[in-house]
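Participant: structure here, sequence nowhere to be found:
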């Protein structure tokens, strides 16, 4: 390849933009966790808005992304006050007030262009009641400017985490959503 001198000077003076890893934090009020559980054939659905997340990501190279999501259990609601207290007791919320997921890698990593969505597989660790286990989950990212809307749904087996409720199903479905924005310095 042959460059003419003016073109070579332009290339040297204006190098290609390098990949940039940016710290992100969750937008206050944008998060929610919903769960679906069944006890003695009675559906128990609930939610909490207390989702905090932080991440580092380069939107053009998502394979380098890392993140931590923490959910405070204190405001968990099932629609019935007594059932809320029973759920918090079963989850050991006094001793373990938070549930967390630490993302260690995104497989099938790609870029996400402004106004587009991409679904990747997130791999990391999920901690509930002080028990940490590996977890793989599909994660949908939707980019709006520099913000990322994050959505995932996955199943856990509560008994694996020491949550034992007589008559409960062996699986609980969790849906998590929140918005990440570049962290302010």
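Facilitator: Great, that's in hand. Treat the numbers as computed from the prediction; the structure is a model and nothing was measured.
Participant: isn't residue 108 up against residue 120?
Facilitator: Yes. Between residue 108 and residue 120 there is a contact under C-beta atoms under 8 Å: 5.1 Å. Where C-beta positions appear, they are placed from N, C-alpha and C, glycine not excepted.
Participant: those two: who's more crowded?
Facilitator: residue 120 (20 against 11; other C-beta atoms under 10 Å).
Participant: now the most centrally placed residue in the chain: which helix or strand?
Facilitator: For the chain, the residue sitting closest to the mean C-alpha position, by C-alpha atoms, centre = their mean, is residue 69 at 5.4 Å. According to DSSP states H and E, residue 69 maps onto strand 66-72.
Participant: for residue 121, same thing?
Facilitator: Counting by DSSP H and E, residue 121 is part of strand 117-128.
Participant: how big is the angle separating the strand ranked longest in the chain from strand 66-72?
Facilitator: Criterion DSSP state E: the longest strand present in the chain is strand 131-144. Angle of strand 131-144 versus strand 66-72, following axes from the mean of the first three to the mean of the last three C-alpha atoms, to 10 degrees, is 110 degrees.
Participant: would you give the sheet partners of strand 131-144, along with the direction of each?
Facilitator: strand 117-128 (antiparallel), strand 147-156 (antiparallel) (DSSP bridges).
Participant: could you list the low-confidence segments of the chain?
Facilitator: Applying pLDDT under 70 to the chain flags the ranges 1-19, 109.
Participant: could you pull out the helices for it?
Facilitator: Along the chain, counting by DSSP state H, helices occupy 5-13, 81-90.
Participant: fine by me, we can end here.
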